[in-house]
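Engineer: give me coordinates for this.
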Amino acid sequence: MRTALRIVLQPQHLRRTLTIAAVVGTVLTAINQADVIVRGEATSTTVAKAVLNYLVPFIVSNLGLLVGARDERS
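Structural biologist: Just a heads-up that it's a prediction; the model follows:
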């Protein structure tokens with residue numbers, strides 16, 4: 001677990017995974033929630049969905065990073 005945290009918190013990795021999360025999260029939020037947001041009808045549920053739109057790609061990109069790092073060590 002410590003090794004995984006050390007890898008994902010390296011500045012170059014964190015910059016990449018946060019960028020991926022920002023781009024993918026913004027696209028997903030625009031696709032799935034833009035109409036609700038534009039109409040001004042966003043609720044706490046809408047906000048929770050938007051947060052997940054950013055969190056999921058962040059987690060997935062970090063998992064990919066860790067798998068790649070494991071493969072390099074093998």
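Engineer: per-residue pLDDT, the residue nearest the centre of the chain?
Structural biologist: The residue lying closest to the centre of the chain (Cα atoms, centre = their mean) is residue 58, at 2.3 Å. Note for residue 58: predicted pLDDT of 98.
Engineer: in contact with the closest residue to it other than its chain neighbours, which residues?
Structural biologist: The shortest distance from residue 58 to any non-neighbouring residue, by Cβ to Cβ, 6 or more residues apart in numbering, is to residue 21 (3.7 Å). Just so you know, the C-beta spots here come from the backbone N, C-alpha and C atoms, and that holds for glycine as well. Contact analysis of residue 21 by Cβ atoms under 8 Å, 6 or more residues apart in numbering lists 54, 55, 57, 58, 61.
Engineer: please, which helix or strand holds residue 21?
Structural biologist: Taking DSSP states H and E as the definition, residue 21 sits inside helix 11-38.
Engineer: list the buried residues in the helix or strand just after that helix.
Structural biologist: Per DSSP H and E, the first helix or strand lying C-terminal to helix 11-38 is helix 44-73. Going by neighbour count (16 or more other Cβ atoms under 10 Å), the buried part of helix 44-73 is 49, 50, 53, 54, 57, 58, 61, 62, 65, 69.
Engineer: any regions of this structure where pLDDT drops low?
Structural biologist: Scanning the chain for pLDDT under 70 picks out nothing.
Engineer: sorry, back to before: go through the contacts of residue 21 and name the one nearest residue 27.
Structural biologist: For residue 27, the closest of these turns out to be residue 57, at 9.4 Å, with distances computed as Cβ to Cβ.
Engineer: returning to that earlier point: is it possible to get a markdown table of the buried residues of helix 44-73 that adds distance to residue 29?
Structural biologist: Compiled in a markdown table, the buried residues of helix 44-73 are given as follows (distance: Cβ to Cβ, whole Å):
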| residue | distance to residue 29 |
| --- | --- |
| 49 | 8 |
| 50 | 5 |
| 53 | 5 |
| 54 | 8 |
| 57 | 11 |
| 58 | 14 |
| 61 | 17 |
| 62 | 20 |
| 65 | 23 |
| 69 | 29 |
